[in-house]
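In: Here is a sequence together with a model predicted from it:
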Amino acid sequence: MSMVTEALHDPRREELRRRTVVWVVALATAGLIFDGYDLVVYGTVVSVFLRNPGEIGTVTPGVAGALGSYALFGVLVGALLAGSVGDIIGRRRVMLFAYAWFSIGMAITALTSSTTTFGLMRFLTGLGVGALVATTGALVSEFAPPGRKNLCNAITYCGVPMGSLLSALIAIILLGTIGWRGMFWIGALPLVTLLPLAFFKMPESPAWLVSRNRMEEARAISERTGVPVPEAPTAAQRATARAARERAGFAGLFGRDYWFPTLVLGLMSVTGLLLVYSLNTWLPELMRRAGFNTKGSLAFLLVLNGGAVVGALIGSRVADRFGPKLVVAGCFLIGALSIGTLTLSLPLGMLLAFVAIVGLGTSGTQTLIYGFVANYYRTNVRGAGVSWCAGFGRLGGVGGPILGGLLIGAGLALDSIFYVLSGLALVGVVLTLLVPVARRPHEVTTIRLEPTPAQRIPVPTS
């Protein structure tokens, strides 16, 4: 079991740490809100493209599915690259760069006038989105206090469905006024809002600084933020680290200890994101085909992501207490059952309630998966593990819009489409149950600055 040495009572540092954690979680959540907005805004405007070839050219269901996938393919590449880059230059720098990159990408996308340039910009924007998604989990896990790691990650990654909810709400209110280009201009706002704020308020992770042997910087940040700084490793620990260096990062993910859980966790993320982006891209169109008008169909998207936010926050508290594995499996099962209920003839109120539960079992489940992964791996492979989950998992994000387009293009009935999605959620249940119990590796001891010997007590980390 790893041990952490904490000062028994230091009100000033405790207050500094609380304030720092609040800032880190708030900024990370805001980033993922725009992240979620940028990825799901396409689903709010796809009906415009399908019905008006004067916007970016003729768009068939198959073309629409492909366009929806380009951004997700960019996310895949960006997330996998961010795992290595973040370990070299720091998580903070990657996050700031990602804010700027995807904001500029959204602005340029709003100016496009053909399917080719629109698809290219969706891919390039996705690179920044992927870098942010992959880096955020590792940073938040390293700042989150023991016993609150799943909750802090859930709050942060709830930014994705919150952004989706915001996108649907804005589309309901403003799409008719500002058009699809205005929707994309809104996605560029982080460049002049979030980026400057994060530049001044988002600190680098002391744990990352220690891993790069930048002890003075780590201690300075610890003094300023109240976040405990790991002790410098002993000569024996440095020797062990050198011997095990090839097992760190992405190499460590596929070493003897982690190759099987890495594979299963990656497939879990693929399944979760396949569900998330099938629904977020195509649910409004499916509901239009079921007889609802434009605003009514967008309301289902709003409810879907509202249910994801509430469900993930509740699930994270349970996961912190009982462990995330069974909670994630249970949420996948809830998703399977609730998607199946959408095939029933239900009153509108009940239908909306079940769509909210679908949100819990899809986007909400994916939020819990990120927290599961961020706390599953040891420190020297954690960043790579989150990047793997966000990157490899995006195969599901790429496939989601394509799957929906293929099912609709094949002329399948709505009931059949929902049964396919329900079956995918059951696959997620099985994959989750296959994940082995995480090994708890020995970590370096962590201390507050200058505690007295009488103040030090051993406290197990989560």
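Out: All right, it came through fine. Numbering: from 1, shown residues only.

In: Assign a three-state SS to residue 345, would you?
Out: coil (DSSP: H, G, I helix; E, B strand; the rest coil).

In: Could I get the pLDDT score of residue 438?
Out: On pLDDT, residue 438 comes in at 65.

In: and what of residue 379?
Out: So, for residue 379, pLDDT stands at 65.

In: and if you look at residue 112?
Out: According to the model, residue 112 scores 93 on pLDDT.

In: C-terminal to the lengthiest helix in the chain, what's the next element?
Out: In the chain, with assignment by DSSP state H, the single longest helix is helix 11-51. Heading C-terminal from helix 11-51, the first helix or strand you meet, by DSSP states H and E, is helix 61-89.

In: average pLDDT across that next one?
Out: 80.

In: So for whichever helix or strand comes after that helix, what gets flagged as buried?
Out: Sequence-wise, the next helix or strand downstream of helix 61-89 (DSSP H and E) is helix 91-109. Across helix 91-109, burial judged by 16 or more other C-beta atoms under 10 Å covers 91-92, 94-99, 101-107, 109. Quick note: C-beta positions are derived from backbone N, CA and C, even for glycine.

In: What of stretch 302-315?
Out: Under 16+ other C-beta under 10 Å, the buried positions of stretch 302-315 are 302, 303, 304, 305, 306, 307, 308, 309, 311, 312, 315.

In: Isn't the second one up against residue 356?
Out: Yes: with contact defined as C-beta atoms under 8 Å, residue 303 counts as touching residue 356 (5.1 Å).

In: what are the ranges of the strands in the chain?
Out: Secondary structure of the chain, counting by DSSP state E: strands at 3-6, 229-230, 446-447, 457-460.

In: what about the nearest residue to residue 431 once chain neighbours are set aside, how many neighbours?
Out: Using C-beta to C-beta, 6 or more residues apart in numbering and skipping residues adjacent in sequence, the residue nearest residue 431 is residue 268, 4.7 Å away. For residue 268, the neighbour count with other C-beta atoms under 10 Å is 30.

In: Might you report the residue contacts of residue 164?
Out: 36, 37, 39, 40, 280, 301, 304, 305, 308, 363 (C-beta atoms under 8 Å, 6 or more residues apart in numbering).

In: any idea which of those residues is closest to residue 51?
Out: Nearest to residue 51 among the contacts of residue 164 is residue 301, at 17.5 Å by C-beta to C-beta.

In: dump the residue contacts of the residue lying closest to the closest one once chain neighbours are set aside.
Out: Distances taken as C-beta to C-beta, 6+ apart put residue 168 closest to residue 301, at 4.0 Å, once the chain neighbours are dropped. Shown in contact with residue 168 (C-beta under 8 Å, 6+ apart): 40, 44, 298, 299, 301, 302, 305.

In: if we go to 10 Å?
Out: Contacts for residue 168 were tallied using C-beta atoms under 10 Å, 6 or more residues apart in numbering; they are 37, 40-41, 43-44, 175, 280, 283-284, 297-306.
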